[in-house]
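> Quick one, fold the following:
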Amino acid sequence: MSDPRRILLVTGMSGAGRTTALKTLEDIGWETADNLPLALVDRLLASPPPEGAAEDDRPFAVGIDTRTRGFDAQAILKRIQKLRSDRGIPIEIIFFDCSGEVLQRRFSATRRRHPLAQDRPAKVGIARERELLGPLRTGADFLIDTSDLTTNAMQQQLRGLFAVPSGGSTLSITSFGFSRGLPNDADLVFDLRFLRNPHWVPELRPGTGLDADVSAYIAEDEAYPEAMQRIEELLLLLLPRYEAEGKSYVTIAFGCTGGRHRSVHVAARIGERLRTEGFSPTITHRDLARQTLDALEGRPEAGGKQGVTVN
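From the prediction side, this is the model:
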C-alpha cells in the first residue's frame, strides 16, 4: 500500500504571500487549488480515489482564507485533526503572516481594497482578518512572516521546505533592470539591452513584456531569433550538467535597463521553453512593478537605434 498523499493547507493574511506561495508550489511539482468551498475541500480530502483510477501521488496544496465559503477556523482545525487521527492523512498547515504596517503599505501600493474592508480603511480589515485567522495561525505547522522578505526569498524558503524530490536542481528564472542592480543570487546573467527597446514607443511604454504587442515588437528585432535560439541551446546544454554535478539551485537572470519590457518577455519565453523540455522553473519579475525613468533608459539614436546605457 502506498504512503498517504501529502496535503498542505495554505492560509494567512491577505497580502502576505498566499497566492504567490500556491504558484510557487505548483512550479515545484505540487497540485494546487485555491478558495474551494469548504464543503468541497472536505469531500476532496476525505474521499479515496475512484476504484480503478490511477492515484496521483503528487502532493496537494489547497488555499483557504476568510473569503472561502463557510470559513470557520475552529471547524477547519477539528476536521484536520479528525482526518489525521482517523485516516492517517498527513495534512499540514502553512500560515503566511505579515505586520499590519507592511500590509497597509502593500494594499496602498497596489490600490487593492482589503477583502474584509471594501468601504473602510485597510487597517480595519487587517485587524478583523487577524482575529478570524488566529486559531489557524496558532495551529499551523509552518509559519512564514513575509514582513521583511522579498518575493524571491520567500520562494526560496518554500522550495527548501516543500520541493518534490526529483534528483534535479531547483531552477529559478528572474527578470531585472540593470538600473537597479544585479540580482544577488544569479548564477547566469544575460544582458538583453542589445534588443530594441519598447520604452521609446509611446503606445508601448505603459505596457510590459507580458503584453502581446510589446512581445511582438521585441521579437521583430533582427537579432532576436538567433539570439533566443542560442540562449535556449546553451541552457539546454548547461542545466543537465549542473544537475549531474549536484548543484541544488540554479538561478538564471535576464536583464534590460528598467526591468519591465525586454527582460520580462525573454524570461517568460525561456521559462515556457524549459517547461516543454521537462524542467520546472519558478519565474519571477523583480522590477516589473517599478516605474522606469527616461534618464535611466538612455536616448534612442537617430534612425531609431538604441543608445548605449552606462550603468
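
> Just the element for Leu171, please.
Assigned by DSSP states H and E, Leu171 falls within strand 170-177.

> Tell me, how many residues neighbour Ala117?
Neighbour count for Ala117, taken as other Cβ atoms under 10 Å: 18. Any C-beta I mention is one placed from the backbone N, CA and C, and that applies to glycine too.

> before we move on, what about the one 4 residues further on?
Summarising burial for Pro121: neighbours were counted as other Cβ under 10 Å, giving 12.

> Quick check, pLDDT for it.
Predicted confidence (pLDDT) for Pro121: 87.

> if we can go back for a sec, okay, now the sheet partners of the strand holding Leu171, with direction.
strand 249-256 (parallel), strand 282-285 (parallel) (DSSP bridges).

> Could you dump these into JSON lines with distance to Ala216 and mean pLDDT added?
Formatted as JSON lines, the strands paired with strand 170-177 follow (distance: least, Cβ to Cβ, whole Å; pLDDT from 0 to 100):
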{"stretch": "strand 249-256", "distance to Ala216": "16", "mean pLDDT": "94"}
{"stretch": "strand 282-285", "distance to Ala216": "19", "mean pLDDT": "90"}
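
> hey, which of those is tucked in deepest?
The highest mean neighbour count among the strands paired with strand 170-177, using mean count of other Cβ atoms under 10 Å, belongs to strand 249-256: a mean of 24.

> what's the next secondary structure element after that one?
Note on strand 249-256: by DSSP H and E, the next helix or strand toward the C-terminus is helix 262-276.

> Just the buried positions in that next one, please.
By neighbour count on 16 or more other Cβ atoms under 10 Å, the buried set for helix 262-276 is 262-271, 273-274.

> Quick one: list the elements packing against that helix.
strand 170-177, helix 212-219, helix 224-244, strand 249-256, strand 282-285 (3 or more Cβ pairs under 8 Å, 6 or more residues apart in numbering; DSSP states H and E).

> Let me know the angle separating the second one from helix 224-244.
With axes from the mean of the first three to the mean of the last three Cα atoms, to 10 degrees applied, the angle from helix 212-219 to helix 224-244 works out at 90 degrees.

> Show me how far helix 212-219 is from its chain's centre.
The chain centre lies 23 Å from the centre of helix 212-219; the measure is Cα atoms, centre = their mean, to the nearest Å.

> In that helix, which residues are buried?
214-215, 217-218.
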